[in-house]
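> take this sequence and fold it.
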Amino acid sequence: MSRVVVLCPGRGSYTEASLGSLDPDHEFVRAAERRRADFGLEPLLVLDQANRFEPARHLRPAHVSPLIFVKAMIDGAKAAHEHDVVAIGGNSMGWYIGLCLAGALSFEDGFRLVQQMSMLQEEYAEGGQVIYPVVSDDWRPAPDLASNIDAALASSAGEAMPSIDLGGYRVLAGSKKGVSHLLSMLPQVRMGNVTYPIRLAQHGPYHTVLAEPVAEAARAAFADLKFHAPHTTLIDGRGRRFTPWSTDLAELKSYTLGAQVTTPYDFTASVRVALREFAPDHVILPGPGNTLGGIVGQILAAEGWRGIHSKADFQEVQRHVAEDTGPGVGAPFLVSMGMIPESRP
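Alright, predicted model coming up:
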């Protein structure tokens with residue numbers, strides 16, 4: 001059985017291509033639908049099985065977050081059944097998914113956390129997020145692009161700030177004024193067929209001090225939420241580990257409802273720790289979609305993992321690693337369970 005790290009997706013992973021992701025007969029789907037009814041929200045299956053994708057509807061936080069949560073939980077549970085999962089991490093909202101996959105929260109409590117947090121974010125958080133690259137098309141560091149970000153933040157009068165370190169990208173956040181400033185100050189740059197900067201649709205200023213009202217409301221709403229010692233090591237958005245034998249449950253809860261919401265999330269650091277400390281045979285990315293595929297590849301290139309230093313190196317290793325790891329593995333180093341071609345993070 002291969003040793004794997006599971007990295008859970010964030011909010012941007014559910015797209016038009018994700019429609020039809022949910023199995024109506026799966027126990028997680030049925031459980032989620034019962035909880036959705038408790039919240040008075042339309043069924044997830046109605047959204048997932050819609051004839052067409054409606055961004056204003058499907059990307060509403062209260063809808064898209066639970067859609068992602070349930071699909072990622074299904075994929076993550078399958079990965080745990082088929083592999084030896086040695087560590088779990090996630091990007092932003094993926095932290096909540098990771099908590100459940102690692103057993104720190106039950107499925108029901110995890111769903112409640114995701115559903116209510118998304119509704120609190122709709123209620124309290126004003127502003128948004130912008131994404132911008134810091135690598136070139138071949139995934140090598142681009143200092144000029146990083147300098148563009150530094151200049152835009154420095155000139156924002158405190159209205160814009162870092163949000164997520166995301167491999168070869170930086171997610172920035174700010175007030176409405178701050179987001180407008182970022183979009184006007186960051187020079188346009190094209191990577192592949194995508195032009196940046198991009199404002200992320202229906203995203204609030206997550207992982208910044210602007211989300212403090214959300215964190216305060218969450219601490220009140222989830223005072224009774226029961227955390228458990230994880231059965232698998234969790235790696236958080238600071239690169240710190242919560243292990244089965246040393247987790248302080250009060251600290252885990254405090255981080256989840258506090259620093260995880262109001263301070264920058266370093267997904268790059270969490271992946272770096274997973275690679276260096278656990279040396280997995282594979283990294284598995286639950287669906288929906290494959291938004292973390294290129295991002296994790298960029299982190300591998302920055303690490304020089306298995307001789308990877310560029311996009312071309314990564315693609316070559318992906319093609320040949322199955323031959324190098326022995327019979328019965330039959331998969332590249334980085335495995336996306338979403339199996340949806342990546343266009344942008």
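> please make it C-alpha for all contacts and neighbour counts, starting now.
OK.
> can you pull the pLDDT of Pro319?
For the record, residue 319 is Arg, not Pro. pLDDT, Arg319: 80.
> burial measure for Val134, as a count.
Number of residues near Val134 (other C-alpha atoms under 10 Å) recorded here: 21.
> surely it meets Tyr169?
Yes - counting by C-alpha atoms under 8 Å, Tyr169 is a contact partner of Val134 at 5.5 Å.
> OK, contacts around His83?
Counting by C-alpha atoms under 8 Å, 6 or more residues apart in numbering, His83 touches 1-4.
> need those in JSON lines (columns: neighbour count and distance to Ile235).
JSON lines is the format used below for these (neighbours: other C-alpha atoms under 10 Å; distance: C-alpha to C-alpha, whole Å):
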{"residue": "Met1", "neighbour count": "10", "distance to Ile235": "22"}
{"residue": "Ser2", "neighbour count": "14", "distance to Ile235": "20"}
{"residue": "Arg3", "neighbour count": "15", "distance to Ile235": "16"}
{"residue": "Val4", "neighbour count": "26", "distance to Ile235": "14"}
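> quick one: Thr15 from Asp48, how far?
From Thr15 across to Asp48, the span is 10 Å (C-alpha to C-alpha, to the nearest Å).
> which one of those two has more residues nearby?
Set Thr15 next to Asp48 and count neighbours by other C-alpha under 10 Å: Asp48 wins out with 23 against 18.
> these two touch, right, the more buried one and Glu16?
No - contact criterion C-alpha under 8 Å: Asp48 and Glu16 do not qualify, at 9.6 Å.
> name the residues that touch stretch 279-286?
The contact list for stretch 279-286 (C-alpha under 8 Å, 6+ apart) reads 2-9, 71-73, 75-76, 79, 86, 274, 292-293, 325, 332-338.
> distance between it and the chain's centre?
Offset of stretch 279-286 from its chain centre (C-alpha atoms, centre = their mean, to the nearest Å): 15 Å.
> then stretch 158-169?
The chain centre lies 14 Å from the centre of stretch 158-169; the measure is C-alpha atoms, centre = their mean.
> after the helix or strand hosting Leu234, next one along is what?
Take DSSP states H and E as the rule and Leu234 turns out to sit in strand 233-235. The helix or strand immediately downstream of strand 233-235 is strand 241-242, counting by DSSP H and E.
> and Gly167, what does it touch?
267-268, 295-296, 298-299.
> ignore the last one, Asp109
Contacts of Asp109 (C-alpha under 8 Å, 6+ apart): 225-226.
> the stretch 101-250 of the chain: strands as residue ranges?
128-133, 160-166, 169-174, 189-191, 194-196, 198-199, 233-235, 241-242 (DSSP state E, counting those that start in this stretch).
> so of the ones you listed, which one's packed in deepest?
Most buried of these by mean neighbour count (mean count of other C-alpha atoms under 10 Å) is strand 233-235; its value is a mean of 27.
> can I get the worst-scoring helix or strand of the chain on mean pLDDT as PDB, trimmed to CA atoms?
In the chain, no helix or strand scores lower on mean pLDDT, DSSP states H and E than helix 311-324, which sits at a mean of 77. Extracted in PDB, the C-alpha atoms of helix 311-324 (Å, rounded to 0.1, in the frame of the first residue of the first chain):
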ATOM      1  CA  LYS A 311       7.100  22.900 -15.600                       C
ATOM      2  CA  ALA A 312       8.800  20.700 -18.200                       C
ATOM      3  CA  ASP A 313      10.600  18.700 -15.500                       C
ATOM      4  CA  PHE A 314       7.300  18.200 -13.700                       C
ATOM      5  CA  GLN A 315       5.500  16.900 -16.800                       C
ATOM      6  CA  GLU A 316       8.400  14.500 -17.500                       C
ATOM      7  CA  VAL A 317       8.300  13.100 -13.900                       C
ATOM      8  CA  GLN A 318       4.500  12.700 -14.100                       C
ATOM      9  CA  ARG A 319       4.900  10.700 -17.200                       C
ATOM     10  CA  HIS A 320       7.600   8.300 -15.900                       C
ATOM     11  CA  VAL A 321       7.300   8.100 -12.200                       C
ATOM     12  CA  ALA A 322       5.000   5.100 -12.300                       C
ATOM     13  CA  GLU A 323       7.700   3.100 -14.000                       C
ATOM     14  CA  ASP A 324      10.200   4.100 -11.300                       C
END
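> could you say what helices and strands whichever helix or strand comes after it packs with?
Counting by DSSP H and E, the next helix or strand C-terminal to helix 311-324 is strand 334-336. The helices and strands touching strand 334-336, judged by 3 or more C-alpha pairs under 8 Å, 6 or more residues apart in numbering; DSSP states H and E, are strand 282-285.
> domains in the chain, as residue ranges please.
3-124+211-336, 128-203 (automatic domain parsing).
> in terms of mean pLDDT, which of those domains ranks lowest?
domain 3-124+211-336 - the lowest mean pLDDT of the domains of the chain, at a mean of 93.
> okay, now it: how far is its last residue from its first?
From its first residue to its last, domain 3-124+211-336 covers 16 Å (C-alpha to C-alpha).
> cool, stretch 33-45 as well?
From start residue to end residue, stretch 33-45 stretches across 8 Å - C-alpha to C-alpha.
> and the spatially closest residue to Gly174 that is not a sequence neighbour, what does it touch?
Excluding the flanking residues, the one nearest Gly174 by C-alpha to C-alpha, 6 or more residues apart in numbering is Ala160, at 4.1 Å. Contacts for Ala160 (C-alpha under 8 Å, 6+ apart) come out as 153, 172-175, 178-179, 181-182.
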